[in-house]
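Participant: structure, please.
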Amino acid sequence: MRPAPKGCGAGPSLTELAQRLAAFLQRQLPHAPDIRIDGLAPVSGGNARKAWSFDLNFSVDDGHTDLPCIMLMQAQAGQLESDLTAEFKVIAALENTGVPAPRALWIDEDGSSLGAPTIVMERVFGVTDILALRAPEPAGRNLAVALDFADAAAKLHRVDLHGLDFLDTPTPQSAAAEQIALWETQFLKHRMEPHPAIAFAFQWLKSHQPVAERISLVHGDYRFGNFLFEGERITALLDWEMAHLGDPVEDIAWAYRALWTPEMHLPLDGFVARYEAAGGPNVRLENLLFYRLFGEVKHAVISLTAARSFADGRTNNLRLADRMTLALPCIRQFYNWLPA
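Facilitator: Model (predicted):
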């Protein structure tokens, strides 16, 4: 019989979680004596977070507030190792920048209040229907969203880096090396067999590092499926757990991986043209090829990490049980794109 995943019990009941949340929010809002939480319910989220939706109601001296909220709780284990505090700080730094992002509200850094590290953000209205966006119709709507996606990338990559000094600060010369080192460390930690093809891929990447046009805030998981949209406009970029400073071309390459590419509605060269016209940094073709290759290796490592979490019994998420099988298509694509 398979052992129960460590720390992956049923967790608190909905009533217990609501009580913990109310107590936590009361400490954040000491001058609001009549806090009320309505509609607390789980919502679909990624593999690294458990998401909950609720409405916060309270009164203060200047009137009554109804605040729609999303709560993201750190999962016990999954396909990523991430820093929830850094994610919260990145989202907070984006307020008033013009980048479509949720508003960061509060954080339980160590999970002492809510049972796991947790961030609370203002809930933004919109949907995340990737299947609809990648469908042939409505072509006009889907093209408009893809173009807005390029505009949002340009805004993100122009963000003033002041206030982001809690992130590693690479130079244009070291940006690629730092990402290679990060993901190679994860590969060596989580692989369950040697994977010589992936080991060679890391060696190739080390030998072909490009120089970044500039250092920008990079989302790290910039793709269809990781934003909310209404009509033809993006209302919020989501899932900032891989955000870092680096080469902005990394986001563009990731956005055009086959698993989620908007290529049907906006070819890559059209995205780049729109991005540069919107004020994004110049996209060097050699950087774009490098980060397309890097992205395949990165996704292979994410898949191996997910499989290792399940194999070690640190999660009972069945979506991760066979993730190792996704590493092979990534590496096959890497070798297909590899320059002669």
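Participant: work out for me the element the nearest residue to residue 36 once chain neighbours are set aside sits within.
Facilitator: Once flanking residues are discounted, residue 36 sits nearest to residue 57: 4.4 Å by CB to CB, 6 or more residues apart in numbering. Heads up, the C-betas are built off the backbone N, CA and C, glycines and all. Per DSSP states H and E, residue 57 falls inside strand 49-60.
Participant: partners of that strand in the sheet?
Facilitator: Here strand 49-60 has these sheet partners by DSSP bridges: strand 36-43 (antiparallel), strand 63-74 (antiparallel).
Participant: what about the residue nearest the centre of the chain, distance to residue 168?
Facilitator: In the chain, the C-alpha closest to the average C-alpha coordinate belongs to residue 239, at a distance of 3.1 Å (CA atoms, centre = their mean). Going from residue 239 to residue 168 by CB to CB, to the nearest Å gives 20 Å.
Participant: show me how far the lengthiest helix in the chain is from its chain's centre.
Facilitator: Looking across the chain with DSSP state H, the single longest helix is helix 285-311. Mean-position distance between helix 285-311 and its chain equals 14 Å (CA atoms, centre = their mean, to the nearest Å).
Participant: check the burial of residue 106 by counting its neighbours.
Facilitator: Other residues near residue 106 come to 17 when the count uses other CB atoms under 10 Å.
Participant: beta partners of it?
Facilitator: Bridge pairing for residue 106 - DSSP bridges - gives residue 120.
Participant: isn't it right next to residue 26, touching?
Facilitator: No: using CB atoms under 8 Å, residue 106 and residue 26 do not qualify as a contacting pair, with a distance of 11.3 Å.
Participant: dump stretch 150-162 to PDB, keeping only the CA atoms.
Facilitator: Extracted in PDB, the C-alpha atoms of stretch 150-162 (Å, rounded to 0.1, in the frame of the first residue of the first chain):
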ATOM      1  CA  ALA A 150       2.000  41.500 -26.300                       C
ATOM      2  CA  ASP A 151       1.200  45.000 -25.000                       C
ATOM      3  CA  ALA A 152       1.100  43.700 -21.400                       C
ATOM      4  CA  ALA A 153       4.500  42.100 -21.900                       C
ATOM      5  CA  ALA A 154       6.000  45.400 -23.100                       C
ATOM      6  CA  LYS A 155       4.500  47.200 -20.000                       C
ATOM      7  CA  LEU A 156       5.900  44.500 -17.700                       C
ATOM      8  CA  HIS A 157       9.400  44.600 -19.200                       C
ATOM      9  CA  ARG A 158       9.500  48.400 -18.900                       C
ATOM     10  CA  VAL A 159       8.700  48.400 -15.100                       C
ATOM     11  CA  ASP A 160      11.200  50.400 -13.000                       C
ATOM     12  CA  LEU A 161      13.300  47.900 -11.100                       C
ATOM     13  CA  HIS A 162      13.600  50.200  -8.100                       C
END
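Participant: neighbours of residue 188, how many?
Facilitator: Neighbours around residue 188, by other CB under 10 Å: 12.
Participant: that one belongs to a helix?
Facilitator: Yes: looking at residue 188 with DSSP: H, G, I helix; E, B strand; the rest coil, it is inside a helix.
Participant: the chain should start at 167 in everything you say after this.
Facilitator: In the new count, where the first residue is 167, that last one comes out as residue 354.
Participant: residues contacting it?
Facilitator: For residue 354, the contact set (CB atoms under 8 Å, 6 or more residues apart in numbering) is empty.
Participant: distance of it relative to residue 238?
Facilitator: From residue 354 across to residue 238, the span is 29 Å (CB to CB).
Participant: how about residue 429?
Facilitator: 30 Å.
Participant: between those two, which has more neighbouring residues?
Facilitator: Shown here are residue 429 and residue 238; by other CB under 10 Å, residue 238 has more neighbours (27 against 15).
Participant: gap between that one and residue 407?
Facilitator: 9 Å.
Participant: and residue 285, by the same measure?
Facilitator: The gap separating residue 285 from residue 407 is 10 Å, by CB to CB.
Participant: shared neighbours, these two?
Facilitator: 250, 253.
Participant: so which of those two has more stuff around it?
Facilitator: residue 285 (25 against 21).
Participant: contact partners for the more buried one?
Facilitator: Going by CB under 8 Å, 6+ apart, residue 285 touches 237, 238, 250, 253, 254, 257, 270, 271, 272, 273, 274.
Participant: right, and residue 246 touches residue 407 too?
Facilitator: Yes: using CB under 8 Å, residue 246 makes contact with residue 407 at a distance of 6.1 Å.
Participant: now do the shared contacts for the two.
Facilitator: In contact with both residue 246 and residue 407: residue 214, using CB under 8 Å, 6+ apart.
Participant: secondary structure element for residue 425, which one?
Facilitator: For residue 425, there is no helix or strand it lies in under DSSP H and E.
Participant: what's in contact with stretch 246-265?
Facilitator: By CB under 8 Å, 6+ apart, the residues outside stretch 246-265 that reach it are 213-214, 238, 240, 267-270, 273, 275, 283-285, 287, 318, 321-322, 325-326, 329-330, 332-333, 352, 383, 403, 406-409, 468, 471.
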